[in-house]
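Trainee: Just the structure for this:
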Amino acid sequence: METVKQTQKRYATTALTLAIIAGLLFSLMDQKQIGKGLLLGTIFSVINFILIGQFIPLSVGQSKGKAFFLSMSSIMLRYLLLAIPLVVAIKFKQFNLFASILGIFMIQFVILGDYLLKTKFTIRRKQI
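Mentor: Here you go, the predicted model:
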C-alpha cells in the first residue's frame, strides 16, 4: 500500500504542478478561462486517482459478488465525480470546457510522459 501512495503522490504532485504552471501562463496571456478549466479538471483527476488507490484494496479478499459490487460502486462514484468539472465548465463561462476535459486526463498524460521519458532515457543508456 505504501508503494501505491508514493506513486499517487508523485503523479498527483506532477499533474498539479503542471496545471498550476499552465494556468499561470494562460492567465498571463489573458486566457484565464483556459487556465481555470485546466486546473479544475486536474483537481478532479487527482481526486479520482487517489480514490482508485483507496478502492482497490477493498475488493481484495471479498466474495465474488461483493467484490463486483464494490468495483461497480467505485466506478460509478468516480464517474459522477469526473462529471462535476464538466457540468461546472458548461454552466459557468469562467471555465473553458475543452481545458477542463484536458485537465481530467492530466494524470494519464503525466503517467504517459513519465513512461516515455523513462523509455527514452533507457534506450539512450543502452546505446552508450
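Trainee: Every contact and neighbour count from this point should use C-alpha atoms.
Mentor: Fine.
Trainee: now the lowest-mean-pLDDT helix or strand in the chain, how far from the centre of its chain.
Mentor: Among the helical and strand segments of the chain, the one scoring lowest on mean pLDDT, DSSP states H and E is helix 106-127, with a mean of 83. Using Cα atoms, centre = their mean, to the nearest Å, we find the averaged C-alpha position of helix 106-127 to lie 18 Å away from the chain's own average C-alpha position.
Trainee: Check which helices and strands the helix or strand harbouring residue 41 sits against.
Mentor: With secondary structure defined by DSSP states H and E, residue 41 is part of helix 32-59. Under the contact criterion of 3 or more Cα pairs under 8 Å, 6 or more residues apart in numbering; DSSP states H and E, the helices and strands touching helix 32-59 comprise helix 2-28, helix 64-91, helix 97-104, helix 106-127.
Trainee: at 6 Å instead, please
Mentor: Helix 32-59 sits against helix 2-28, helix 64-91, helix 97-104, with contacts defined as 3 or more Cα pairs under 6 Å, 6 or more residues apart in numbering; DSSP states H and E.
Trainee: Need the winner for burial among these.
Mentor: helix 97-104 (a mean of 23; mean count of other Cα atoms under 10 Å).
Trainee: hmm, who's touching that one?
Mentor: Contact partners of helix 97-104, identified using Cα atoms under 6 Å, 6 or more residues apart in numbering, comprise 34, 37, 38, 41, 42, 45, 89.
Trainee: go with 8 Å
Mentor: With Cα atoms under 8 Å, 6 or more residues apart in numbering as the test, helix 97-104 has contacts from 19, 34-45, 82, 85-86, 89-90.
Trainee: That helix vs helix 32-59, what angle?
Mentor: Using axes from the mean of the first three to the mean of the last three Cα atoms, to 10 degrees, one finds that helix 97-104 and helix 32-59 are set 30 degrees apart in direction.
Trainee: average model confidence for helix 97-104?
Mentor: The average pLDDT within helix 97-104 is 97.
Trainee: relative orientation of it and helix 64-91 in degrees?
Mentor: Computed by the same axes, to 10 degrees, the angle between helix 97-104 and helix 64-91 is 150 degrees.
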